[in-house]
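# Pasting the sequence and the predicted coordinates here, then a few questions.
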There are 2 protein chains.
Amino acid sequence: MARPERKTVRDVRKGNRGMLLRTLYFGGPRSRHELTGLTGLSAATISTMTGDLLTEKILMEAGQVESDGGRPRVLLRVNPVYAYLIGVDVAETHVRVELFDLEMAEKARVDYTLRPSHHDIELVARRILAGIDVVLADGQVDASQVLGVGIGVPGIVERGAPDALIHAKTFGWDGVPLGALMRAGTSLPVFIDNGAKTMGQAELWFGAGRGADHAVIVLIGSGVGATVVADGQAVRGTSNSAGEWGHTKIEMNGRPCRCGSRGCLEAYIGAEGLLARAGVPVQTTDWPSALGRVLHDGGPVVDETVTYLGTGLANLINMLNPERILIGGWAGLMIGERHLDQIRVVVGENSLTQPYNATSIVLGELGPDAVAMGAATLVLEEFLDTSAPLRLHAAS
Amino acid sequence: MARPERKTVRDVRKGNRGMLLRTLYFGGPRSRHELTGLTGLSAATISTMTGDLLTEKILMEAGQVESDGGRPRVLLRVNPVYAYLIGVDVAETHVRVELFDLEMAEKARVDYTLRPSHHDIELVARRILAGIDVVLADGQVDASQVLGVGIGVPGIVERGAPDALIHAKTFGWDGVPLGALMRAGTSLPVFIDNGAKTMGQAELWFGAGRGADHAVIVLIGSGVGATVVADGQAVRGTSNSAGEWGHTKIEMNGRPCRCGSRGCLEAYIGAEGLLARAGVPVQTTDWPSALGRVLHDGGPVVDETVTYLGTGLANLINMLNPERILIGGWAGLMIGERHLDQIRVVVGENSLTQPYNATSIVLGELGPDAVAMGAATLVLEEFLDTSAPLRLHAAS
DNA sequence: GCCGTTTCGTTCACGCATTGAACTAACATG
DNA sequence: CATGTTAGTTCAATGCGTGAACGAAACGGC
């Protein structure tokens, strides 16, 4: 029973301001008049609030629209260069740092290749910090204009005071305090989450998940994960490790999985498991094209994969009753592009009629590179919620 | 993205009042002074607010406590007879109507036996309405003192305007408007939800789930369902049918399930499936004692059941990362009482270390009869949220 | 060029919320 | 009975959203 916080009149302002900002952020340019309808606030409140936001330069005017016979509407929009966001994607093979403006337009990017089994946490932290400096220089943005840094990492991110701890087996990270390392090198606010979750967040906010209140975004790469969204909020669980869909069992005494257990969904539909089942040699390095060949050739392994994937999705539908399911991740997109219709059929056979009819199954829109963007979304979310004025943090 | 509502200063009051009420409801009698600490509100606010609540008779004084050397504390508590709640359990074999006071003490109850395949909706509605009159008479409570009626029904309850529709295959109900029928016979506010969910709600509020923000309450009877709680809120899904855990697939091409599909968890751990697998004759009527014998005798079917159940729970843990899992339902309690330790072992083998360690698995406390109480909880929840004054509705 | 009309946006007194500070109430101790 | 201590209340200050009155900026007709 999450107990609500004490509220004062000031929280009212904060909440309404955030709502107005969100409306304008996602609802395009609008006039003050339209905003009264969209937010439910009175014209008086809209007037004073937009006044504030304009002088703070969070909003800007965006032209006029004639209004048959009367005073023309002045359109307002979020000022995309009011501030900037940094998103970081820490993956097995690279560290990518991207700079976005408030509207998520990419302003600069830098990639660092990571040698396999060279995932020393200090090295990764140094790369990120260096990357921040590089994108700021490239984008000609001062650190004081940056709202924060979002980082998507593999593995489980245990959020807790004072510091988020990261557990990533494949990296050899066991309770690594990346947040603390970052704070030692920059004064920017840092947000860390699992990369699959940040990607889900990106799809939910800017991709195929827009507007969905109940959704599941599944990510199929070499690993398999999911982001569950209920009532517009990501379900994190008690230690922020919800969404390990890949290691739910779909078959008793099934194939061994790299997690040590058996019958995990990931062992069937994850790229690694899929390719192994199709007899692709282990030493293959270019997995995507290998997967392309397997899918092109077809055969029982592909059919099986569709069946396992569809059944897994059906389980999500029965359990969570989402209005939308997004399939993402490089392998997920490849499978989905060829077999989405078949998948839908399998899902239909394995889920209850009523929730099945309430769900649409679609592919992700943002491609597999959205991890950094989703990470930046963590910062954006904080900004839209609090619309905290800039500059409580000094330059990096 | 569930957009927040417009807020005014009055909503602040409503929210804080609700918080104070909840604190007092679950936190026993407290003095005004203690409440400042517990709620975070100032002494001034507590003073005026408790003043209001006392004159409205929602609160009452509950003695004094000396306070070494100073003015004694006056304890405040929720007035249990300020108002009453009615909970209804519509099951396959009976309709039960119970009257509770505000503190969920049972004041009266009445049972109506339902003949199998005699689930005419009009009949059920008549039984409920009659039951309401009976318990009010027995408990010597006037309808005007009742906050509302909560009803737990089998099947899927599709919540929507203007009316909740109920789909219950086993009852032959397909889109039945029970709410409308109730409103035709009583002016009391009516809340309807799935019985498994109301039971989950009861365990969460008054049973083994107290205080858990992330929990899953599984209900194992002849059918199998689950209530998912994330951030203190029940996850309902987009059409209120989340939680159909029993029909998630645990085995590809497994046993046929009464839902028409194969390999559903319910086909293995539901009482019906379990007994069938153990070779108990179909015509057996006393399922609980039959199950008792099977469990007592042991053997591979029981071991298998434990494995299936543990694996199913492991999937929940991986997917949702709850802090607590409650096992309820008459069959669930029988299995759990004998085999909880074994179940925990299986769960450990089939879930990821980190989320497993964050979860405790316990038995439900309220027994299988908590459906009506949970239904009444729906009314209570509404009351605590809004603390709506009584009497916007006339007598029934 | 002027005026009425229409639509958009702003200003201001009002009601209602929490709060800190000053105050009163109720006890124990010596 | 005076003093100290803790509990609870009252009140002016401050902040917020709102409706009503007002001001601003266009158009059309003359």
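On my side now, so go ahead.
# from here on, contacts and neighbour counts on C-alpha atoms
Noted.
# measure the closest residue to DNA strand C within the stretch 201-350 of chain A to A:Glu365 for me?
Nearest residue of the stretch 201-350 of chain A to DNA strand C: A:Gly211, at 25.4 Å (C-alpha to the nearest atom of the strand). Per C-alpha to C-alpha, to the nearest Å, A:Gly211 is found 14 Å from A:Glu365.
# And A:Leu340, by the same measure?
14 Å.
# Please identify the residues of the stretch 101-250 of chain A in proximity to chain B?
Listed as neighbours of chain B in the stretch 101-250 of chain A under the rule C-alpha under 8 Å from any C-alpha of the partner chain: A:210-214, A:230-233, A:235-245, A:247-250.
# now those: which count as buried?
By neighbour count, with 16 or more other C-alpha atoms under 10 Å in any protein chain shown, those hold A:211-214, A:230-233, A:235-245, A:247-250 as buried.
# among those, which are in strands?
In this view, those that belong to strands under DSSP state E are A:Ala230, A:Gln233.
# contacts for the one helix or strand A:Ala184 maps to?
Assigned by DSSP states H and E, A:Ala184 falls within helix A:178-185. For helix A:178-185, the external contacting residues (C-alpha atoms under 8 Å, 6 or more residues apart in numbering or on different chains) are A:121-122, A:125, A:129, A:163-166, A:189-192, A:396.
# Make TSV out of those residues and add pLDDT, neighbour count and secondary structure.
Listed next are the contacts of helix A:178-185 as TSV, based on pLDDT from 0 to 100; neighbours: other C-alpha atoms under 10 Å in any protein chain shown; DSSP: H, G, I helix; E, B strand; the rest coil:
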residue	pLDDT	neighbour count	secondary structure
A:Ile121	90	16	helix
A:Glu122	90	13	helix
A:Ala125	94	20	helix
A:Leu129	97	19	helix
A:Asp163	79	13	coil
A:Ala164	81	20	coil
A:Leu165	87	21	strand
A:Ile166	90	23	strand
A:Pro189	93	16	coil
A:Val190	94	20	strand
A:Phe191	94	20	strand
A:Ile192	95	25	strand
A:Ser396	30	15	coil
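# Pick the one among those closest to A:Thr45.
For the contacts of helix A:178-185, the closest approach to A:Thr45 (C-alpha to C-alpha) belongs to A:Pro189, at 30.9 Å.
# Please determine how far the closest residue to the closest one other than its chain neighbours is located from A:Arg258.
In space, A:Pro189 comes closest to A:Gly148 once its chain neighbours are excluded; the distance is 4.7 Å by C-alpha to C-alpha, 6 or more residues apart in numbering or on different chains. For A:Gly148, the distance to A:Arg258 (C-alpha to C-alpha) stands at 35 Å.
# between those two, who's got more neighbours?
The neighbour count for A:Gly148 versus A:Arg258, taken as other C-alpha atoms under 10 Å in any protein chain shown, is higher for A:Gly148 (26 against 14).
# which residues of chain A score low on pLDDT?
A:1-2, A:117-118, A:161, A:388-396 (pLDDT under 70).
# Look up how far A:Gly185 lies from the residue of the stretch 201-350 of chain A found nearest chain B.
Closest contact between the stretch 201-350 of chain A and chain B, by C-alpha to the nearest C-alpha, is at A:Gly232 (3.9 Å). Separation of A:Gly232 from A:Gly185 (C-alpha to C-alpha): 34 Å.
# Next up, the contacts around A:Thr227.
A:Ala196, A:Lys197, A:Gly200, A:Gln201, A:Val216, A:Ile217, A:Val218, A:Ala234, A:Val235, A:Ala242, A:Gly243.
# The second one contacts A:Ala226, correct?
Yes. Shown here, A:Lys197 and A:Ala226 form a contact pair, counting by C-alpha atoms under 8 Å, at 7.2 Å.
# Which of the two has more residues huddled nearby?
Taking neighbours as other C-alpha under 10 Å, A:Lys197 and A:Ala226 compare with A:Lys197 leading, 28 against 24.
# And the next helix or strand past whichever strand or helix holds the more buried one?
Assigned by DSSP H and E, A:Lys197 belongs to helix A:195-206. Next helix or strand after helix A:195-206 toward the C-terminus (DSSP H and E): strand A:215-220.
# for that following strand, packing partners?
The helices and strands touching strand A:215-220, judged by 3 or more C-alpha pairs under 8 Å, 6 or more residues apart in numbering or on different chains; DSSP states H and E, are helix A:195-206, strand A:224-230, strand A:324-328, helix A:330-350.
# domains of chain A?
Here the domain assignment for chain A is A:9-78, A:84-198+A:371-386, A:212-363, based on automatic domain parsing.
# Can you pull the residues of chain A lying near DNA strand C?
Selection of chain A residues close to DNA strand C by C-alpha under 7 Å from any atom of the strand yields A:6-9, A:31-34, A:43-48, A:50-51, A:67-75.
# how about the host helix or strand of A:Gln354, does it reach chain B?
Using DSSP H and E, A:Gln354 maps to helix A:353-357. Yes. Against chain B, helix A:353-357 shows contacts by C-alpha under 8 Å from any C-alpha at A:Pro355.
# For the helix or strand just after that helix, buried residues please.
Sequence order places strand A:360-363 as the next helix or strand after helix A:353-357, per DSSP H and E. Across strand A:360-363, burial judged by 16+ other C-alpha under 10 Å covers A:Ile361, A:Val362, A:Leu363.
# repeat for stretch A:312-320
Residues of stretch A:312-320 classed as buried by neighbour count (16+ other C-alpha under 10 Å): A:Gly312, A:Leu313, A:Ala314, A:Asn315, A:Leu316, A:Ile317, A:Asn318, A:Met319, A:Leu320.
# what about whatever helix or strand the fifth one lives in, near chain B?
A:Leu316 is part of helix A:300-320, with elements assigned from DSSP H and E. Yes. Helix A:300-320 is in contact with chain B by C-alpha under 8 Å from any C-alpha, via A:Thr311, A:Gly312, A:Ala314, A:Asn315, A:Leu316, A:Ile317, A:Asn318, A:Met319, A:Leu320.
# Distance to DNA strand D for those - can I get that in CSV?
Compiled in CSV, the residues of helix A:300-320 next to chain B are given as follows (distance: C-alpha to the nearest atom of the strand, whole Å):
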residue, distance to DNA strand D
A:Thr311, 47
A:Gly312, 45
A:Ala314, 43
A:Asn315, 43
A:Leu316, 39
A:Ile317, 38
A:Asn318, 40
A:Met319, 38
A:Leu320, 35
